[in-house]
Structures are given as C-alpha cells and as structure tokens.
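Colleague: From the sequence below, what's the structure:
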Amino acid sequence: MALVMSMGVTAAFAADRTGSITIKSSEKNTEYDFYRILDLTGQDTSDPADSKYDVVAYTIASKWEGFFTGTAAGASYLIAAASATDAQKSSLNQINFNGAVYYLNLTDDNVVAFTNSAMDYAMNNPVANDRTTSGTGRDVSVANLPLGYYLMIPVDASIKTAKSSGSVASITSTIPTADILVKATKPSIEKTDDAVSADVGQTVTYTITGTMPNTAGYETYKYIVKDTMTNGLTFNKDVVVKLGETVITSSCTIDYSTANSFSVDIPVMNFQSTTTTDSETGKTTTVSNVGATITITYTATVNDNAVTNTSDKNRATLDYGHDPNKLEETTPVSEEVYSAKIVINKYTGDSSESSTKLADASFALMKIETSTDEASGETTSTAKFYKYTAAAGETPAKVEWVAVSGAPTAGDAAVTDAMATALSEAVTAGTITGKTTDSNGAAEFPGIADGTYYLVEYKAPDGYNRLDKPQSVTVKGTTDETTNATASANATADVQNNSGTVLPSTGGIGTTIFYVVGSILVVAAGVLLITKKRMGKEG
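Modeller: Residues are numbered from 1 along each chain as shown. Sure, this is the predicted structure:
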C-alpha cells in the first residue's frame, strides 16, 4: 500500500498552513532532529475558508536534492513518468523534480529501507535540520511545522535494522497531525552475572553487552563503559572486549587506576565495518558492524566483605556521544552478589530467651554435592565439609569444601562415635574448619552460598548428649519484586542439647559391654532355673 499523499498538479499554490508531529514516549533529555525531505504545497479551488487543500503537490526540499540525484540512494525511489506502469501511476504520488515528472515509489514494504537510507544521508552530509526538540519522558508535540514529509532522528541514534530505523511522518492539510515512534534507538547496555549467591573465594563472571552504534556523519564518537563493584568483591582486572566473536581488547583503552572499578574506552569509529580479502581470488568484502554485539567480560572474587543486604550493587553505565565534552550517560544497570552465614544458637531447655545457652559444643558444617556421569547418566552424591581460610596480604579469604574419610556421608546418617572422632581429628589437623559455641551458645559459619547444609556435632558440652544425627539448615535469600533487592540470607540454626547420662552411640564399645553382661545374666538365670527343677525331682 502506498504512503498516502494526494496527487500533485502544477498550479499556483499557497504554503501558509502548518501541522504538528507528536513523538510518542520520548526519552527524557534526548534531542530529536526533524528534517523535511519533501515540501507540500496546495491550492483551494472551492471554498477558500476551508482549511483543507483541494489539490496538493510534493516537491523535493532543496537541501535533499542530492539524495535523489544520480546514484544516490534516494534516486532509486523515483520512477520516471515515461517508465511508470498504469498501476504505479494510479497508486503512487506524483512529484516534480528538476523540471520532470516522477512517481515517488514509497510503500509500506520499502519505507524502512528508504528511512534508513535517508538517515545515512543526513548523518553523512551537511544537511541542516528543520527543527530540534527535547524529550521529556512523555509524549512531546512539535507544532507549527510546514506541511510535508519528515524524517526524525534522535541525536546520537545508533541502531538501524530492517525493523528499527529513524522514523518518518507525513503531515498534510487533510491530516495535519501525526504520531511518530522512536525507532532509531540510543545506545544502551545490559549486565549479567553467573552467580548471585556465592561462597567466599568463589570467582564470579560478569558480562556487559551493548551494540555497535552508527557513527556516520560524526567526526568523533565516544563509547565508554564504566563499572563499579562493591567492597564484597575483589576485582581480578581481567577485562576482555569482543565485537561479535572477535577479541578487540588490545584496541581499547582500559583504566584500572581506581580500586574495584574500571572504564573501557572502545574506539567504535574504527570498527564500523570489517573488510576481508579472499586469499584465492583476491576479492575484498566489506561487512557493516553497525548493530553488532559488543561484549565486555571480567571476573571478581567474592571476599569476606560480601554483603547480605544488597541495596549496594555492582553498577555499570555507558557514556556516549559525538561531543566529547557533552557525553550522555545511560541509566545504571546493576547486578548483585552476596555471601551468607549460618549462625548457631546452642541451648538446653526451650529456645526462648530464658533458655540456658550452652558453650563448648563443637560443630562441622556439611553439604552434599551431586554429580552426574555424562555417559551413564548415573548420579553420585558426596559429603563435603566446610574449610575457611582467612585473607592473608593480597590473598583474599576463601571457603572450600573437603571430603573427610570416616565422616558422615548423608544428611540423615547416624553420627557414630567413630564419625565424630574423624571430624574432630580433621579439625585438629586443619583439614576442615570446626566451630565451637561461646558462652552465649553462639558460633557461625560465614561466607557460604544459598543452599541446604547440615550441622554435625562432633563434641557435646560436658554432661550433655551429642546430637546423634546431622541437623539441616537452609540458606536462601528472598527477592522483593518491588525493589528487586535481596534480603539478608543469613540463617539461624536453633540446636538443642539434653542433659543426662551420656551413653556411647550405637556401635561403641560401652554398649557392647552391656550386651555381654546382659547375656551372661540371662544364661545364669537359665542355669539356676534348671538346677532348681532337678533338685525338686530328686527330692
């Protein structure tokens, strides 16, 4: 379907009527340039008081004649009257250009391609805009525009694709108002990570993505990504920049001078296209990189300052623009990472504040790791135990998970004396880290990710029974959908011990002694009963 423009005629025309164009959902503080490509003039042949023209004519604005001349892109949209088919003459708009009559071949099928070409022309040639307006974050109307066909381009617009381009609108005396959508978008970035909840010492990979802007028509164009991490991360200073799948890090300027942050200046004007030469034929091919993905990756190590209230997040911004002294900054994109802890509340009686807190109870922390064999599909579970290594100099703290021979192997396993001894010996040897409650019955295992864990008591306070099974505790942060903030993930484990005679666990030697003594007594009782019966018969 052709764009609606009334058929043109040659006559004496008036050009004193105006219209307006509304930018829908404009972006706050963005400048929008309007270019009138085609002028519209008209003539009243009936009622002079009528605001509508009876006949109209389109002509190419003088500033845009180059776009429609010779081999320029716009020339392909002009069909000479002598070459036009009857169908084209009836459906397309007539236009006068350089004393000849043409038909302007603009339809719903090719308007995006036309707009992209016009946008390139405006940015590559000294074409003055006809009007500029500022976005407010809401709809913005531009009034008192001479009637015609307009191209709108956001200043520093970047992305042009088959579905996204600069925008066009036609205003006539019949339809003097038009809405326009912002399709030529401004640069933006996104940020992701491969872990939100992590153990202290775990390496987290962050990825920032953007797209190659179109810098045509600009003498300079800056594209600078800045990233700032929380103090819960130790930055590894290993930024890698890619355009598509090609690493371009060495071409970028990366500033590591500020602690726990960096900036990377990507010379996007040098990468607008890529030219390759076929080694056999010698033929060169040039491919545009406009719209291609820019990827920035880096890693950071979670340290023991990792926060559990994540109102403080890792933030990245993009500073961009053709004026180095007046760069625009995108809205920050944020990602979080936190490390939690399990806090033990050791008591006797009930868990109220009046209960007696127990000191000198020693625990190991266990988790069950599962792995699946790719070939057989068989799943294997392995019990691992917490080991914490404190920071030393420039080496950050870390949490590791270590297997212990002879220790419990499942979350519901009975904890024998032998298992408790194996854990105690592993703690003494420094193989794993144990925690012993203080006078407030408290101890904690810090620096762990979300998950299900098991507290294994390997030594009870004097006069109290040791727990005969691991006690599970779950660590899980909760996200507030309104603020997108994760609440504290710390978990408190209430652990009760009962006083009384401390009996050895099943399998201990003490129980065996009771079994042996009991058996002897039973046998002795049987012998005594038989002896009495025999004595009765003899009497």
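
Colleague: list the buried ones in stretch 138-146?
Modeller: 140, 142, 145, 146 (16 or more other Cβ atoms under 10 Å). Where C-beta positions appear, they are placed from N, C-alpha and C, glycine not excepted.

Colleague: Sticking with the residue positioned nearest the centre of the chain, tell me its helix or strand.
Modeller: The centre of the chain sits closest to residue 192, judged by Cα atoms, centre = their mean, with a distance of 3.0 Å. In this assignment (DSSP states H and E), residue 192 forms part of strand 190-193.

Colleague: how about stretch 422-432: buried residues?
Modeller: Buried residues in stretch 422-432 (16+ other Cβ under 10 Å): 422, 423, 425, 426, 427, 432.

Colleague: next one: stretch 238-247
Modeller: 239, 240, 241, 242, 243.

Colleague: Would you map out the domains in this structure?
Modeller: Domain ranges of the chain: 18-181, 190-335, 340-496, 508-539, per automatic domain parsing.

Colleague: possible to save those domains as a markdown table with mean pLDDT?
Modeller: Output for the domains of the chain, formatted as a markdown table (pLDDT from 0 to 100):
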| stretch | mean pLDDT |
| --- | --- |
| domain 18-181 | 86 |
| domain 190-335 | 90 |
| domain 340-496 | 87 |
| domain 508-539 | 42 |
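
Colleague: Would you map the strands across the stretch 151-300 of the chain?
Modeller: Applying DSSP state E, counting those that start in this stretch to the stretch 151-300 of the chain gives strands spanning 167-171, 177-181, 190-193, 203-211, 222-228, 233-235, 240-243, 246-247, 253-255, 261-265, 273-277, 284-288, 293-302.

Colleague: which strands and helices sit next to the longest one?
Modeller: Applying 3 or more Cβ pairs under 8 Å, 6 or more residues apart in numbering; DSSP states H and E, one finds that strand 293-302 makes contact with strand 203-211, strand 222-228, strand 233-235, strand 240-243.

Colleague: give me that answer again for 6 Å
Modeller: Contact analysis of strand 293-302 by 3 or more Cβ pairs under 6 Å, 6 or more residues apart in numbering; DSSP states H and E lists strand 203-211, strand 233-235, strand 240-243 as its packing neighbours.

Colleague: Could I get the ones you listed in TSV, plus columns for distance to residue 445?
Modeller: Putting the helices and strands packed on strand 293-302 into TSV (distance: least, Cβ to Cβ, whole Å) gives the following:
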stretch	distance to residue 445
strand 203-211	20
strand 233-235	21
strand 240-243	35
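
Colleague: can you tell which of these is closest to residue 299?
Modeller: Closest approach to residue 299 among the helices and strands packed on strand 293-302 (Cβ to Cβ): strand 203-211, 5.2 Å.

Colleague: buried residues in that closest one?
Modeller: Buried-residue list, strand 203-211, by 16+ other Cβ under 10 Å: 204, 206, 208, 209, 210, 211.

Colleague: Parallel or antiparallel, list what pairs with it.
Modeller: strand 190-193 (antiparallel), strand 293-302 (antiparallel) (DSSP bridges).

Colleague: Using CSV, write down the CA coordinates of it.
Modeller: Only the C-alpha atoms of strand 203-211 are listed here, as CSV (Å, rounded to 0.1, in the frame of the first residue of the first chain):
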residue,chain,number,x,y,z
THR,A,203,35.0,-16.4,41.2
VAL,A,204,32.0,-14.6,39.6
THR,A,205,32.0,-13.7,35.9
TYR,A,206,30.2,-10.5,34.8
THR,A,207,29.1,-9.8,31.3
ILE,A,208,28.2,-6.3,29.9
THR,A,209,26.6,-6.2,26.4
GLY,A,210,25.8,-3.4,24.0
THR,A,211,25.6,-2.8,20.3
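
Colleague: excluding its backbone neighbours, what's nearest residue 236?
Modeller: Distance criterion Cβ to Cβ, 6 or more residues apart in numbering; nearest residue to residue 236, sequence neighbours excluded, is residue 299 at 4.7 Å.

Colleague: Which positions in the helix or strand harbouring residue 380 come out as buried?
Modeller: Here residue 380, judged by DSSP H and E, is contained in strand 379-389. Residues of strand 379-389 classed as buried: 383, 384, 385, 386, 387, 388 (neighbour count, 16+ other Cβ under 10 Å).

Colleague: Redo these as TSV? Include distance to residue 282.
Modeller: Below are the buried residues of strand 379-389 laid out as TSV (distance: Cβ to Cβ, whole Å):
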residue	distance to residue 282
383	65
384	60
385	65
386	64
387	62
388	63
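
Colleague: OK, contacts around the closest residue to residue 146 other than its chain neighbours?
Modeller: Leaving out its chain neighbours, the residue that sits closest to residue 146 by Cβ to Cβ, 6+ apart is residue 18, at 6.0 Å. Neighbouring residues of residue 18 by Cβ atoms under 6 Å, 6 or more residues apart in numbering: 144, 145, 146.

Colleague: Check residue 209 too.
Modeller: Taking Cβ under 6 Å, 6+ apart, one finds 190, 295 in contact with residue 209.

Colleague: re the thing from before, which single one of the buried residues of stretch 422-432 is nearest to residue 30?
Modeller: Nearest member of the buried residues of stretch 422-432 to residue 30, counting by Cβ to Cβ, is residue 432, at 57.4 Å.

Colleague: now that closest one, what's its secondary structure?
Modeller: coil (DSSP: H, G, I helix; E, B strand; the rest coil).

Colleague: Quick check: phi and psi at it.
Modeller: Torsion angles at residue 432 (phi, psi; degrees, to the nearest 10) stand at phi -130, psi 170.

Colleague: Does it touch residue 385 like I think?
Modeller: Yes. At 4.4 Å, residue 432 counts as touching residue 385 under the criterion of Cβ atoms under 6 Å.
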